[in-house]
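K.L.:
Generate coordinates for the sequence data below:
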Amino acid sequence: MRASFIILLLSFIFNSWHSSAQTVALLSKTSPNVDFTFNTINEYVNGITLSNVLALNVDAELTQWDLYVGATTSIAGEWDATTYYSNNGEAPDLNMIEIRFRNQSNTPLTSGFFPLTDIATPTDIIGDRLNAPDAAISCDDVTPVGTNMAGDYLSRPGCYKFNVDLRITPGLSYRAGLYTLRIDFILAPDL
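P.N.:
Okay, the predicted model is just below:
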């Protein structure tokens, strides 16, 4: 039993907006591909967690911002199958992968691991993309969390640098194979 899941992280959307001296940019210095290979029953049942697979650096000049995440696949909610190793089992669904955002200031709105969703219904990490503009929240505020004010990872890395962890727990009911998906990280001005 062997299955691999490849996640194309940095085929990710760097939403970089430039509008009247307000800019937001999302920068990453890590590899765009992450591989999960399951070789043992223990790995299938208990999962594999990869910490710090990606560091996202936010640079938001003169504007508040929102950060959200979702996956893009050929069929919404399902992984893209590259190769099957078996005829048994079901195709894996998207929510088997969990994602966690962390930074030194604990500013993400969603704490701990949460299931990845399709980009059509993404998860807000900072701000509320549907109800803009959001109230301004400083990194120094104790509550509420979710720093969304102008700033950058060079001057305040504790607020504007995010480490991303991934976890997959497939269990034994899915069809063995090689599957891929793209995770989109969207950074946009909070207009």
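K.L.:
drop to CA atoms for contacts and neighbour counts, all remaining ones
P.N.:
Will do.
K.L.:
the helices in this structure, which residues?
P.N.:
Counting by DSSP state H, the chain has these helices, from start to end: 41-46, 157-160.
K.L.:
Local confidence estimate at P144?
P.N.:
pLDDT recorded at P144 is 67.
K.L.:
give me the beta-bridge partners of the closest residue to Y85 other than its chain neighbours?
P.N.:
Nearest residue to Y85, sequence neighbours excluded (CA to CA, 6 or more residues apart in numbering): G177, at 4.8 Å. Under DSSP bridges, the beta-bridge partners of G177 are Y84.
K.L.:
From C139, how far out is G177?
P.N.:
43 Å (CA to CA, to the nearest Å).
K.L.:
What of L172?
P.N.:
Relative to C139, and taking CA to CA, L172 is found at 43 Å.
K.L.:
same question, T40
P.N.:
43 Å.
K.L.:
which of these two has more neighbours?
P.N.:
C139 (21 against 11; other CA atoms under 10 Å).
K.L.:
Need the pLDDT of the nearest residue to that one once chain neighbours are set aside.
P.N.:
Closest residue to C139 apart from its sequence neighbours, by CA to CA, 6+ apart: T147 at 5.0 Å. Looking at T147, its pLDDT reads 82.
K.L.:
Over to T147: give its phi and psi.
P.N.:
phi -40, psi 120 (degrees, to the nearest 10).
K.L.:
for it, what are its contacts?
P.N.:
107-108, 126-127, 136-139, 159 (CA atoms under 8 Å, 6 or more residues apart in numbering).
K.L.:
which residues does L67 bridge with?
P.N.:
I126, L187.
K.L.:
State the number of residues packed around it.
P.N.:
L67, neighbours per other CA under 10 Å, totals 24.
K.L.:
what about the most centrally placed residue in the chain, distance to A120?
P.N.:
Among the residues of the chain, the one closest to the centroid is V69, at 4.8 Å (CA atoms, centre = their mean). Taking CA to CA as the measure, V69 falls 10 Å from A120.
K.L.:
What of G77?
P.N.:
10 Å.
K.L.:
Quick check: phi and psi at the residue of the chain most remote from its centre.
P.N.:
Residue farthest from the centre of the chain, counting by CA atoms, centre = their mean, is N87 at 30.8 Å. Per-residue torsions, N87: phi -100, psi -10 (degrees, to the nearest 10).
K.L.:
what's P133 in contact with, if anything?
P.N.:
190-191 are the contacts of P133 under CA under 8 Å, 6+ apart.
K.L.:
Need the pLDDT of it.
P.N.:
At P133, the model reports a pLDDT of 82.
K.L.:
ok, now A71?
P.N.:
For A71, the predicted pLDDT is 94.
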